[in-house]
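In: Fold the following, please.
(one chain, ligands or ions: 3)
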Amino acid sequence: MSQITVTEHLLLRQKQSPMATGQFTSLLTELILSAKIISREVTKAGLVDVLGFTGETNVQGEKVRKLDEFANNVLIHRMRRAGVLCAMASEENGDIIPVEGEFPQGDYILIFDPLDGSSNIDVNVSIGTIFSIYRRPKEKRGDAPCLSDVLQKCENQVCSGYFIYGSSTMMVYTTGDGVHGFTLDPSVGEFLLSHENMQIPKKGKIYSVNEAYWNSWDTATKDVLSYFKSHQNAEGKPYSSRYIGSLVADFHRNLLYGGIFMYPPRVFENGKRQGKLRLLCEAAPMAMLVEQAGGMATDGTNRILDYFPTELHQRVPLFIGSPEDVQIVKDIYEHHEEGQK
Ligand SMILES: O=P(O)(O)OC[C@H]1O[C@](O)(COP(=O)(O)O)[C@@H](O)[C@@H]1O
Ligand SMILES: [Mg+2]
Ligand SMILES: [Mg+2]
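Out: Ligands and ions are numbered 1, 2, ... in the order given. Predicted coordinates:
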């Protein structure tokens with residue numbers, strides 16, 4: 001295994017960009033420290049008081065778990081002191097989190113899902129932290145940070161990635177120049193390059209979806225599932241089905257093995273058709289990663305990175321993974337739309 005640390009990797013990138021100020025490297029360095037603190041707590045979750053619920057309900061209407069809160073507090077505390085941010089946004093906080101007071105501000109905006117896969121925390125199944133970074137529009141620098149700084153076209157992300165806390169702790173990130181994976185070596189406390197230039201297979205072996213929602217799906221979505229249940233995968237065999245219930249873990253597996261993760265829209269009694277996953281802190285960062293790895297991410301019709309967010313906690317349907325598999329989904333939705341005209 002290479003001995004290249006993630007810090008060296010970042011510094012090499014900084015050297016390659018003449019305009020670099022070092023702010024970005026400091027931002028990632030602080031984020032990595034936050035993830036190490038979270039990872040330490042995750043690995044001894046049963047021994048310390050981070051299992052179970054806090055008794056609070058978050059802006060998503062979900063009961064907050066102690067580890068959600070711990071991870072959120074660690075990130076806000078550390079990143080506020082990094083001196084490179086003007087604002088943050090978290091899945092767990094209703095509004096944007098301003099960076100003000102005694103700590104210097106910077107030009108970056110950090111959006112994060114502090115703990116992804118919350119339903120798996122107490123049962124020792126892989127979970128993660130997802131992050132997405134934007135730069136503040138030049139003309140806005142110096143003004144008080146506001147929501148419109150955060151609600152940028154998803155394609156404007158300058159960096160995205162995740163940490164996965166599983167059998168090992170890994171960091172996978174992109175700055176728009178390929179996707180690179182690092183594994184935490186606990187004996188030295190360093191993330192070392194283990195997966196350089198990750199590329200997702202063109203066609204996968206696995207489909208990943210929570211089929212328990214079948215009855216709340218529309219006909220097009222049911223046809224998508226029927227397709228993957230009745231067609232051959234990249235090996236000429238039936239597709240296999242895997243669903244961990246942590247977006248980070250399901251995405252990571254498919255990035256390596258090839259396949260498609262789907263969280264289709266559900267149609268509710270009031271006729272409302274809605275996805276579950278959050279555009280800014282889940283879908284958009286994963287979409288930047290998958291495109292950089294040669295894959296695709298769509299809501300069934302639109303490219304996720306083409307979205308202009310209108311709300312901080314906006315939800316979207318998500319189909320993401322190997323390009324040939326995601327294209328199938330787009331074709332089936334398009335066919336249904338044509339049929340409805
Ligand atoms: O239980 P469901 O409806 O299948 O949802 C699982 C999905 O919800 C999530 O847990 C939502 O993320 P959080 O855990 O960060 O709220 C995803 O990680 C996962 O893909
Ligand atoms: Mg999540
Ligand atoms: Mg979460």
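In: For whatever residue of the chain ends up closest to ligand 2, grab phi and psi.
Out: Closest contact between the chain and ligand 2, by Cβ to the ion, is at D116 (3.5 Å). C-beta coordinates here come from the backbone N, C-alpha and C atoms, glycine included. Here is the backbone geometry of D116 (degrees, to the nearest 10): phi -100, psi 140.
In: Okay, domains of the chain per the record?
Out: The chain breaks down by automatic domain parsing into domains covering 6-195, 206-339.
In: Give me the buried positions along stretch 287-305.
Out: Using 16 or more other Cβ atoms under 10 Å as the test for burial, stretch 287-305 gives 287-293, 295-300, 304-305.
In: Pull up the distance across that stretch, start to finish.
Out: 7 Å (Cα to Cα, to the nearest Å).
In: got it, and stretch 295-314?
Out: Termini of stretch 295-314 sit 23 Å apart (Cα to Cα).
In: That one and ligand 1, are they touching?
Out: No: Stretch 295-314 stays clear of ligand 1 (Cβ under 6 Å from any ligand atom), getting no nearer than 11.0 Å.
In: Over that stretch, what's the mean pLDDT, rounded is fine.
Out: Averaged across stretch 295-314, the pLDDT comes to 98.
In: Check the offset of that stretch from the chain's centre.
Out: A distance of 13 Å separates the centroid of the chain from that of stretch 295-314, by Cα atoms, centre = their mean, to the nearest Å.
In: what about stretch 164-183 and ligand 3, any contact?
Out: No: Stretch 164-183 stays clear of ligand 3 (Cβ under 5 Å from the ion), getting no nearer than 12.6 Å.
In: quick revisit: least reliable of the domains of the chain by average pLDDT, please.
Out: domain 6-195 - the lowest mean pLDDT of the domains of the chain, at a mean of 92.
In: what's the farthest-apart pair in the buried residues of stretch 287-305?
Out: The distance between the two most remote of the buried residues of stretch 287-305 (Cβ to Cβ) is 21.5 Å, for Q292 and G300.
In: what's the neighbour count on the closest residue to H180 other than its chain neighbours?
Out: Spatial nearest neighbour of H180, excluding adjacent residues (Cβ to Cβ, 6 or more residues apart in numbering): E196 at 5.7 Å. Applying other Cβ atoms under 10 Å, we find 13 residues neighbouring E196.
In: What does the pLDDT read for E196?
Out: E196 carries a pLDDT value of 97.
In: My read is that it contacts F182, right?
Out: No: taking contacts as Cβ atoms under 8 Å, E196 lies outside contact range of F182: 9.6 Å.
In: next SSE after the lengthiest helix in the chain?
Out: Ordering each helix of the chain by length in residues (DSSP state H) puts helix 23-43 first. Once the chain leaves helix 23-43, the next helix or strand it forms, by DSSP states H and E, is strand 53-57.
In: Okay, helices next: where are they in the chain?
Out: Under DSSP H, the chain gives helices at 6-16, 23-43, 66-80, 147-150, 219-230, 247-257, 284-292, 323-340.
In: So what touches the fourth one?
Out: With contacts defined as Cβ atoms under 8 Å, 6 or more residues apart in numbering, helix 147-150 is touched by 86-87, 89, 95-96, 109, 111, 134, 136-137, 140, 280, 312.
In: Among those residues, the buried ones, what's the PyMOL command?
Out: Typed into PyMOL, the line below selects the buried ones among the contacts of helix 147-150, using 16+ other Cβ under 10 Å:
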select buried, resi 86+87+89+96+109+111+134+136+280+312
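In: List every C-alpha atom in stretch 321-333, with coordinates, as PDB.
Out: Output of stretch 321-333 as PDB, limited to C-alpha atoms (Å, rounded to 0.1, in the frame of the first residue of the first chain):
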ATOM      1  CA  GLY A 321     -24.200   4.500 -10.100                       C
ATOM      2  CA  SER A 322     -22.900   2.700 -13.300                       C
ATOM      3  CA  PRO A 323     -23.800   4.800 -16.300                       C
ATOM      4  CA  GLU A 324     -25.400   2.000 -18.400                       C
ATOM      5  CA  ASP A 325     -27.600   1.000 -15.500                       C
ATOM      6  CA  VAL A 326     -28.700   4.600 -14.700                       C
ATOM      7  CA  GLN A 327     -29.300   5.200 -18.400                       C
ATOM      8  CA  ILE A 328     -31.800   2.300 -18.300                       C
ATOM      9  CA  VAL A 329     -33.700   4.100 -15.600                       C
ATOM     10  CA  LYS A 330     -33.800   7.400 -17.600                       C
ATOM     11  CA  ASP A 331     -35.000   5.500 -20.700                       C
ATOM     12  CA  ILE A 332     -37.900   3.900 -18.800                       C
ATOM     13  CA  TYR A 333     -39.000   7.200 -17.200                       C
END
